[in-house]
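S.K.: One predicted model, sequence on top.
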Amino acid sequence: MCSVSEPITLVDRPPEGFRFPSGPDEPGPNYLPAEYRAVDPATRGPTAAVKPRCVFIEVTNHCNLLCETCPRTFTTYETPMTLSWENFLRVVAQFPDMTRAVLHGIGEPLLNRDLPRIIGYLKARGVSVLFNTNATLLSEDWARELIAAGLDELRVSIDGASPVTYAQIRGAPLFHKVVKNLKRFCEIQREMGATLPRPSLFMTGMKENIAEVPEVVRLAAWMGVPEVYVQRMVYYVDLKDESSAPGMMTSGHALFDDYDVIEARTLAEAEALGRELGVVLKSSGGMTPSKSLEQSQHRDGKPWSACMRPWTTAYVTANGNCLPCCISPFATNDYDSLILGNLFERPFDELWNEPRYQAWREALLSDAPPKPCAGCGVHWSL
């Protein structure tokens, strides 16, 4: 059960202003943001016909937690860096068609004090802005600044509904602080009469926390959060010996690799509870977690080839490196193989269709995808 100071009851529901009109049903492309649907899948080839409209901008690679499912806890991929205001402007100037900005990478965005200014700048350009946070630093001042800046979505990673499970996975005994901060954030939002940003909880589905999914839904309703997203865990797939994998980054902790009747019943219970409490429970592709678990047993021959990111999306680290996507650093320990160029060294327009990007796209459409892509649609979502 959730360890919070106030009782959680079935009558608690998210405020009407935050409620979603309906829950997920069948998966389909219309559940994806429009930016991911800007290219006809049938026309994909080694070159990209359009510039990215969705851009992941890593505003820092520093973090204040030591999560057992994150490679950053165990290795340093790049020079520690927080994106400066000047370098942020250099990044944004190279994406004139951007309509969606995701301000996270391997790091905690709230460690960048320029974040409200960054959000405000992007909103003035008509860009939809969101990011994931662990919310341990989400003070009342931060809450008011983010709301005033015009942030569209605030996604909070929680990975459990109890202090013990949270600390086991997230590496710090701060569950109480996350709950307190997010609940207060929702209260401040109502006090300010703001409907944005839309808050949500993101939970990495694992063997260690599957039993707590219903309680996470109950917790979301109590805090006033309208959506819970159960995502699949990404882990290194190219290790010859899984025993050498750091932390919990192995298939033995993954929820969706093997269908389990008890897991299916738990997810079904959570979905029913969500319908009762007005909390939408989602998974990959807009489907329910139950549907996602079921579909994991019926995979196409080349599921990774459905990915649209290398044709529609850019991912830029705080050091300016361009990677294929946000999933890739979690899927391989061969980080150098992910770097497709650096936009502080060469203009992105030159990088976007140069041989390294072209080779990545061509391999993704083949029977032999890049190693980090081989688990997509197989062990975790696209």
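M.R.: That came through fine. Numbering: from 1, shown residues only.
S.K.: these two touch, right, Gly341 and Asn319?
M.R.: No. Contact status for Gly341 versus Asn319: not in contact, 12.0 Å apart, counting by CB atoms under 8 Å. Bear in mind the C-beta positions are built from the backbone N, C-alpha and C, glycine included.
S.K.: Quick one: name whatever helix or strand follows the lowest-mean-pLDDT helix or strand in the chain.
M.R.: Confidence across the helices and strands of the chain bottoms out at helix 289-295, with a mean of 68, counting by mean pLDDT, DSSP states H and E. Along the chain past helix 289-295, the next helix or strand (assigned with DSSP states H and E) turns out to be helix 309-312.
S.K.: elements contacting the helix or strand in which Arg190 is found?
M.R.: For Arg190, the enclosing helix or strand under DSSP H and E is helix 175-191. Here helix 175-191 touches helix 140-149, strand 153-157, helix 163-170, strand 198-205, helix 213-223, going by 3 or more CB pairs under 8 Å, 6 or more residues apart in numbering; DSSP states H and E.
S.K.: Export the ones you listed to JSON lines and append columns for mean neighbour count and distance to Gly126.
M.R.: JSON lines is the format used below for those (neighbours: other CB atoms under 10 Å; distance: least, CB to CB, whole Å):
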{"stretch": "helix 140-149", "mean neighbour count": "17", "distance to Gly126": "14"}
{"stretch": "strand 153-157", "mean neighbour count": "21", "distance to Gly126": "16"}
{"stretch": "helix 163-170", "mean neighbour count": "19", "distance to Gly126": "35"}
{"stretch": "strand 198-205", "mean neighbour count": "23", "distance to Gly126": "18"}
{"stretch": "helix 213-223", "mean neighbour count": "25", "distance to Gly126": "30"}
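S.K.: From Asn181, how far out is the most centrally placed residue in the chain?
M.R.: By CA atoms, centre = their mean, the chain has its centre lying nearest to Asn132, at 6.2 Å. Asn132 sits 14 Å away from Asn181 when distances are taken as CB to CB, to the nearest Å.
S.K.: which stretch among the helices and strands packed on helix 175-191 comes nearest Thr75?
M.R.: Thr75 lies closest, by CB to CB, to one member of the helices and strands packed on helix 175-191: helix 163-170, at 17.9 Å.
S.K.: Can you pull out the low-pLDDT segments for the chain?
M.R.: Under the criterion pLDDT under 70, the flagged ranges of the chain are 1-31, 237-244, 249, 251-252, 255-260, 285-286, 292-300, 377-382.
S.K.: Run through the strands of the stretch 201-350 of the chain in chain order.
M.R.: Secondary structure of the stretch 201-350 of the chain (DSSP state E, counting those that start in this stretch): strands located at 227-232, 280-282, 313-316, 322-323.
S.K.: To Thr75, which of the ones you listed lies closest?
M.R.: Between Thr75 and those, the tightest spacing by CB to CB is seen for strand 322-323, at 15.4 Å.
S.K.: related to what we said a few turns ago, so how far is the helix holding Arg190 from its chain's centroid?
M.R.: Distance of helix 175-191 from its chain centroid, counting by CA atoms, centre = their mean, to the nearest Å, is 20 Å.
S.K.: Report the inter-axis angle for it versus strand 198-205.
M.R.: Counting by axes from the mean of the first three to the mean of the last three CA atoms, to 10 degrees, helix 175-191 points 160 degrees away from the direction of strand 198-205.
S.K.: can you put the strands of the stretch 201-350 of the chain in a markdown table and add mean neighbour count and distance to Glu86?
M.R.: Below are the strands of the stretch 201-350 of the chain laid out as a markdown table (neighbours: other CB under 10 Å; distance: least, CB to CB, whole Å):
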| stretch | mean neighbour count | distance to Glu86 |
| --- | --- | --- |
| strand 227-232 | 23 | 34 |
| strand 280-282 | 24 | 37 |
| strand 313-316 | 25 | 15 |
| strand 322-323 | 22 | 19 |
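S.K.: Same list, the ones you listed, but as JSON lines with distance to Ala93 please.
M.R.: Conversion of the strands of the stretch 201-350 of the chain to JSON lines gives the following (distance: least, CB to CB, whole Å):
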{"stretch": "strand 227-232", "distance to Ala93": "32"}
{"stretch": "strand 280-282", "distance to Ala93": "34"}
{"stretch": "strand 313-316", "distance to Ala93": "12"}
{"stretch": "strand 322-323", "distance to Ala93": "15"}
